[in-house]
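Colleague: Just to be clear, the model below is a prediction. Sequence and coordinates:
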Amino acid sequence: RKEVEQDPGPFNVPEGATVAFNCTYSNSASQSFFWYRQDCRKEPKLLMSVYSSGNEDGRFTAQLNRASQYISLLIRDSKLSDSATYLCVVIRMDSSYKLIFGSGTRLLVRP
Amino acid sequence: EAGVAQSPRYKIIEKRQSVAFWCNPISGHATLYWYQQILGQGPKLLIQFQNNGVVDDSQLPKDRFSAERLKGVDSTLKIQPAKLEDSAVYLCASSFRGAGGDTQYFGPGTRLTVL
């Protein structure tokens, strides 16, 4: 079983739709959580951090449920430019802080 | 501010050949990471440097992969000899301190194809 699991998608939605992605992690010692965005043939870029209290940035809302070991990302009023792969990222501490990436969820927003 | 630089951007080699990738992190960033991203998967950490010392290389296939970060700035990642399954994008990233809250900034990557 992978340490960070995501539905690969693709999620194909019309402009203006609301879409939600989920991510589960298996290591309860995980300390920090993030969503990264990766455009086709580009490098990953930090989208937002995820907190138990929830984190909202414009049209994007991220939520963490530690008890269920579950992370979510909600995108409201989808734009064409939101089309990308969304990577769930968990940080755990071994000898150093290590980022563990999920395989990503692909989003396609159509006109 | 200049980002993380990597070269080459693309490389095609035959199996059993050698290849090297170069990375220049953001100025002032103490921590440098090399990741391997296979198509359809998320990046996987290969090695992490703090200044010029190795912090984590637990997932580096040491029989064929090596990396160094002389002088604590630029880094090179080498594969010798390459196998078909090494075909992937090799991403370099850097962060200010390597602490849990630090943002990692990624370079554009080197896309390696092994034939």
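Modeller: Structure's in. What do you need?
Colleague: Tell me the spacing between the nearest residue to residue B:112 once chain neighbours are set aside and residue A:43.
Modeller: Spatial nearest neighbour of residue B:112, chain neighbours left out: residue B:11 (5.1 Å); criterion: Cβ to Cβ, 6 or more residues apart in numbering or on different chains. Yep, even glycine has a C-beta here, placed from its N, CA and C like the rest. Distance of residue B:11 to residue A:43, given as Cβ to Cβ, to the nearest Å: 17 Å.
Colleague: Which of the two has more residues huddled nearby?
Modeller: residue A:43 (22 against 18; other Cβ atoms under 10 Å in any protein chain shown).
Colleague: quick one: contacts for the more buried one?
Modeller: Residues counted as contacts of residue A:43 (Cβ atoms under 8 Å, 6 or more residues apart in numbering or on different chains) are B:91, B:106-109.
Colleague: gap between the spatially most central residue of chain B and residue A:6?
Modeller: Centroid-nearest residue in chain B: residue B:34, 2.8 Å away (criterion: Cα atoms, centre = their mean). Residue B:34 sits 23 Å away from residue A:6, taking Cβ to Cβ as the criterion.
Colleague: try residue B:14
Modeller: Applying Cβ to Cβ, the value for residue B:14 to residue A:6 is 34 Å.
Colleague: between the contacts of residue A:43, which is nearest chain A?
Modeller: residue B:106 (3.8 Å; Cβ to the nearest Cβ).
Colleague: Who does that closest one form a beta bridge with?
Modeller: residue B:93 (DSSP bridges).
Colleague: right, and it touches residue B:4 too?
Modeller: Yes - here residue B:106 lies in contact with residue B:4, judged by Cβ atoms under 8 Å, at a distance of 6.3 Å.
Colleague: joint contacts of these two?
Modeller: Residues touching both residue B:106 and residue B:4 (Cβ under 8 Å, 6+ apart) are B:92-93.
Colleague: how about the helix-or-strand element of chain B with minimal mean pLDDT as PDB, C-alpha atoms only?
Modeller: When the helices and strands of chain B are scored by mean pLDDT, DSSP states H and E, strand B:53-56 comes last with a mean of 91. Extracted in PDB, the C-alpha atoms of strand B:53-56 (Å, rounded to 0.1, in the frame of the first residue of the first chain):
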ATOM      1  CA  GLY B  53      26.600  16.800   3.600                       C
ATOM      2  CA  VAL B  54      24.200  14.000   2.800                       C
ATOM      3  CA  VAL B  55      21.200  13.900   5.100                       C
ATOM      4  CA  ASP B  56      19.100  11.100   3.400                       C
END
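Colleague: Tell me which residues are up against that strand.
Modeller: The contact list for strand B:53-56 (Cβ under 8 Å, 6+ apart) reads A:94-96, A:98, B:31, B:45, B:47-49, B:98.
Colleague: hmm, 10 Å instead?
Modeller: Outside strand B:53-56, the residues within contact range by Cβ atoms under 10 Å, 6 or more residues apart in numbering or on different chains are A:94-98, B:31-33, B:45-50, B:60, B:67-69, B:72, B:98.
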